[in-house]
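Undergrad: Please work out how this folds:
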Amino acid sequence: LAWSPFIFWTQPGTLIRIDSENSAINNLTIYPNPSRDVFNISFVSEEKQNLEVRLVNVIGEQIMTEDLKRFIGEYTKEIDLTDKAKGVYFLEIETDDGVITKKLILQ
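TA: Below you'll find the predicted structure:
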């Protein structure tokens with residue numbers, strides 16, 4: 001996917017949609033947040049698009065990455081961070097329109 005200069009930050013627990021005229025990602029939810037072990041992630045892609053879902057730590061190391069080619073529909077995933085260090089992590093969803101970033105707090 002091409003690099004895009006647009007980065008969108010949201011507060012935990014909010015439903016977001018980036019640039020509603022151009023993006024087909026909506027209903028992004030992460031729960032529970034904060035969590036002691038497992039995070040549940042879900043969103044809806046309203047049109048076929050290439051997506052990359054990444055989880056990175058505060059120094060930018062990738063904990064998880066998933067390439068979704070021509071993805072459409074509802075995405076759900078459970079991420080277990082039981083064996084990871086407590087702290088802040090970032091969920092990044094890269095689309096052709098930009099990158100959605102959400103903060104996850106592991107207690």
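Undergrad: List the contacts of stretch 73-89.
TA: 35, 37-45, 51, 53, 55-58, 63-64, 66, 68, 103-107 (CB atoms under 8 Å, 6 or more residues apart in numbering). Every C-beta, even on glycine, is put in place using the N, C-alpha and C of the backbone.
Undergrad: Mind checking which of those residues are in strands?
TA: 38-45, 51, 53, 55-57, 63-64, 66, 68, 103-106 (DSSP state E).
Undergrad: Among the contacts of stretch 73-89, name the buried ones.
TA: Burial by neighbour count, judged by 16 or more other CB atoms under 10 Å, picks out 35, 39, 41, 43, 45, 51, 53, 55, 56, 103, 104, 106 from the contacts of stretch 73-89.
Undergrad: you'd agree the first one is up against residue 107?
TA: Think residue 35. Yes. With contacts counted by CB atoms under 8 Å, residue 35 reaches residue 107, the gap being 6.9 Å.
Undergrad: partners of residue 88 in the sheet?
TA: residue 105 (DSSP bridges).
Undergrad: Please report how far it lies from residue 57.
TA: Distance from residue 88 to residue 57, counting by CB to CB, to the nearest Å: 8 Å.
Undergrad: quick one: least confident helix or strand in this protein?
TA: strand 7-10 (a mean of 48; mean pLDDT, DSSP states H and E).
Undergrad: Packing partners of the next helix-or-strand element following it?
TA: Stepping forward along the backbone from strand 7-10, the first helix or strand reached (DSSP states H and E) is strand 25-31. Strand 25-31 sits against strand 38-57, strand 87-95, strand 98-106, with contacts defined as 3 or more CB pairs under 8 Å, 6 or more residues apart in numbering; DSSP states H and E.
Undergrad: All set now, cheers.
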